[in-house]
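S.K.: everything below, folded, please.
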Amino acid sequence: MTLSTTSHGRPEVASLLHALDALHRAAQGGALPRTLQGKHLCLLGATRVANAALVFRDAGRELGAQVTELDPERLALVSDHDVARCGRMLGRLYDAVDCEGLAPALVDRLRASAGVPVYDGLALDMRLVACLSGDLAAATPEEQHRRVVQAVLVSALA
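M.R.: Now for the predicted structure:
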């Protein structure tokens, strides 16, 4: 599996595996580093998928980030101009954005204008979790899920 920062908004696999291993070792040692202290994350569409919203929010906060949840219906993303303007605004306000429950084409258009990592359902990507969490055998499935989301965020932002 090859992940590309430019086309998918995700860092390369080697970077993810390194971050995942470091986070797992830190958690086993009793304390995670506040690697994302001072970072601002946005969860766009959090009300649609409650469990994924919790995973993303908890993953960011556990590493020190502030996480804001926005309802995309309140953003009036009607025209291409609106989407581009919103993407630029999100890029100025946040260090990364996760879009949940939005059309892939809309996520791509936001990503094109944001200038920061924009994910398409990062906490919903169970293929990514399954692919990367194999070495976390001692962790619960919930911890594995959260650590993979954290590894993606740390790889992209730290």
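
S.K.: quick one: the strands in the chain?
M.R.: 40-44, 66-70, 96-99, 118-120 (DSSP state E).

S.K.: name the residues that touch the third one?
M.R.: Going back to what we said before, that points to strand 96-99. Residues outside strand 96-99 that contact it (C-beta atoms under 8 Å, 6 or more residues apart in numbering) are 39, 41-45, 56, 72, 90, 106-107, 110, 114, 116-123, 153, 156-157. To be clear about C-beta, it is placed using only N, CA and C from the backbone, and glycine gets the same treatment.

S.K.: run the chain-centre distance for stretch 78-86.
M.R.: The chain centre lies 22 Å from the centre of stretch 78-86; the measure is C-alpha atoms, centre = their mean, to the nearest Å.

S.K.: who's in contact with it?
M.R.: Against stretch 78-86 from outside (C-beta under 8 Å, 6+ apart): 75-77, 106, 109-110, 112-113.

S.K.: in a markdown table: those, plus neighbour count.
M.R.: Below are the contacts of stretch 78-86 laid out as a markdown table (neighbours: other C-beta atoms under 10 Å):
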| residue | neighbour count |
| --- | --- |
| Leu75 | 16 |
| Ala76 | 11 |
| Leu77 | 20 |
| Leu106 | 17 |
| Arg109 | 20 |
| Leu110 | 25 |
| Ala112 | 12 |
| Ser113 | 17 |
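
S.K.: ok, these vs Asn51, which is closest?
M.R.: Leu106 (21.9 Å; C-beta to C-beta).

S.K.: so that closest one is in contact with Leu75, correct?
M.R.: No - the pair Leu106 and Leu75 fails to qualify as a contact (C-beta atoms under 8 Å) at a distance of 10.5 Å.

S.K.: and Leu44, how far from Ala19?
M.R.: Going from Leu44 to Ala19 by C-beta to C-beta, to the nearest Å gives 23 Å.

S.K.: try Cys86
M.R.: 29 Å.

S.K.: now swap in Arg88 and tell me
M.R.: Going from Arg88 to Ala19 by C-beta to C-beta gives 28 Å.

S.K.: the contacts of stretch 78-86: which two are farthest apart?
M.R.: Ala76 and Ala112 (18.6 Å).
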